[in-house]
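Trainee: Got a sequence here, can you build the structure:
(one chain, ligands or ions: 2)
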Amino acid sequence: MNSIKALDRLAGDSSSITITVHIHPDGDAIGSGTALMSYLTECRGKDAVLVVPGIVPESIAFITENVPEGRILEYGLDPEGACRRIRESDLLFCLDCNSYSRTTPEMEGLLRASSAKKVLIDHHLNPETESYSLVFSETEISSTCELLYTILKRMPDIGGKVENLPLTSLNALMAGMTTDTNNFANSVWPGTLEMASELLAAGVDRDAILCNLYNSYRENRLRLMAHLVGEKMKITPQGAAYMILDKETQERFDFQEGESEGFVNIPLSIKDVIMSIFLTAEEDRFRVSLRSKRGISANRFAMEYFNGGGHEMAAGGKLPYGTGMASPEDAEAYILKVSGLFLKK
Ligand code: 5GP
Ligand code: MN
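Mentor: Ligands and ions are numbered 1, 2, ... in the order given. Coordinates of the predicted model:
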């Protein structure tokens, strides 16, 4: 049986569907999760819920604004409700997330233990395929939103006509693809432009999406960005630029989850910078964002030194405190050491 038929059957046979995405969800995670949930509820009449590890960041909440009450559960606000939902479900989707370890520890335990059928739809390297009954994994594609779009288009009830999808799905797919390609700056393939073209023709308001994504920030975000680039950014002799968003700076600028999205890309605009490293201090660890230029593997750097992974030129990971990493100074020394090793000329 081909995988679309298998997916169609799994969706048809299930009564309670939960979709989950990666922690610290970005536009692609929230976009793909919302798009699939809207398709399953509106086109298939299914009881489908998107369970978000953490919260939906304010900066991308517009993607979910037309979603009916109760169709999105945030573990960060209602952990019991989120866990109950996972326990009760007979079909689980994991989107834009190559491993359940990229949810929350409690969700990971429940997702792994669940006897529900499991479907992976993801574009990251090294997907944990053995955990799933059905896998849609494609790494040479712009985004999970683009991959999901190719899948939904082939579903029998959609019949190749994207206009048969709910407008909430179409808008969410466009928003997620736009954020993951950094507004068509990276990972754009012929299919990405075809998708954009078809979504536009089907009624997506791209101007509104762009305004929501790029012209609706709080003043604080711009001031924080200027501060980080102006005062904090450093560049190693090997061409690794790094910025550390410490707790004190977060408080000073009233930093909110999701607001540093895109900051890691900025140093790559400098000719001699080949790797950009962005650290955010959290309760018990630094979150790490990495971007590289062609020929340098951010994915390998993340896997070797930052307990993570991602894509070839855009990856991430973490540095837990207690491994000699308690302060920004320790992290800085670590960055100098490992970028020296990794990028040695
Ligand atoms: P970002 O820097 O935008 O947070 O993440 C860049 C890419 O790296 C994304 O595709 C993201 O999913 C991936 N990524 C971020 N953090 C981690 C992590 O802790 N582990 C893994 N495996 N991938 C990550
Ligand atoms: Mn993605």
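Trainee: in which helix or strand would I find Ala289?
Mentor: Ala isn't right for residue 289; it's Ser. Assignment of secondary structure by DSSP states H and E places Ser289 within strand 285-292.
Trainee: Pairing partners for that strand, with directions?
Mentor: strand 275-281 (antiparallel), strand 314-320 (antiparallel) (DSSP bridges).
Trainee: which residue sits closest to Ile270, ignoring its sequence neighbours?
Mentor: Counting by C-beta to C-beta, 6 or more residues apart in numbering, Ala241 is the residue found nearest to Ile270 once chain neighbours are left out, at 6.8 Å. Backbone N, C-alpha and C define where each C-beta goes, glycine included.
Trainee: Helix or strand for that neighbour, just tell me which one.
Mentor: Using DSSP H and E, the element containing Ala241 is strand 240-245.
Trainee: Then Ala6?
Mentor: Per DSSP H and E, Ala6 falls inside helix 3-13.
Trainee: Name the residues of that helix that are buried.
Mentor: Judged by neighbour count using 16 or more other C-beta atoms under 10 Å, the buried positions of helix 3-13 are 4, 7-8, 10-11.
Trainee: out of those, which one sits closest to ligand 2?
Mentor: The closest of the buried residues of helix 3-13 to ligand 2 turns out to be Leu7 (C-beta to the ion; 19.6 Å).
Trainee: can you list the residues of this structure near ligand 2?
Mentor: By C-beta under 5 Å from the ion, the part of the chain that sits against ligand 2 consists of 28, 96, 144, 180.
Trainee: interface residues of the stretch 201-345 of the chain facing ligand 1?
Mentor: When proximity is defined by C-beta under 6 Å from any ligand atom, the stretch 201-345 of the chain lies next to ligand 1 at 264, 289, 308-311, 314-318.
Trainee: 8 Å instead?
Mentor: Within the stretch 201-345 of the chain, the residues that sit near ligand 1 (C-beta under 8 Å from any ligand atom) are 261, 264, 278, 287-291, 298, 302-303, 306-311, 314-318.
Trainee: Distance check, the residue nearest to Ile270 against Met225.
Mentor: Ala241 sits 14 Å away from Met225, taking C-beta to C-beta, to the nearest Å as the criterion.
Trainee: do the same with Phe136
Mentor: As judged by C-beta to C-beta, Phe136 and Met225 stand 36 Å apart.
Trainee: Also Tyr132?
Mentor: Shown here: Tyr132 relative to Met225, a distance of 39 Å by C-beta to C-beta.
Trainee: quick one, helices of this protein?
Mentor: 3-13, 27-38, 79-88, 105-113, 144-154, 167-180, 190-201, 206-214, 219-227, 247-252, 298-305, 328-342 (DSSP state H).
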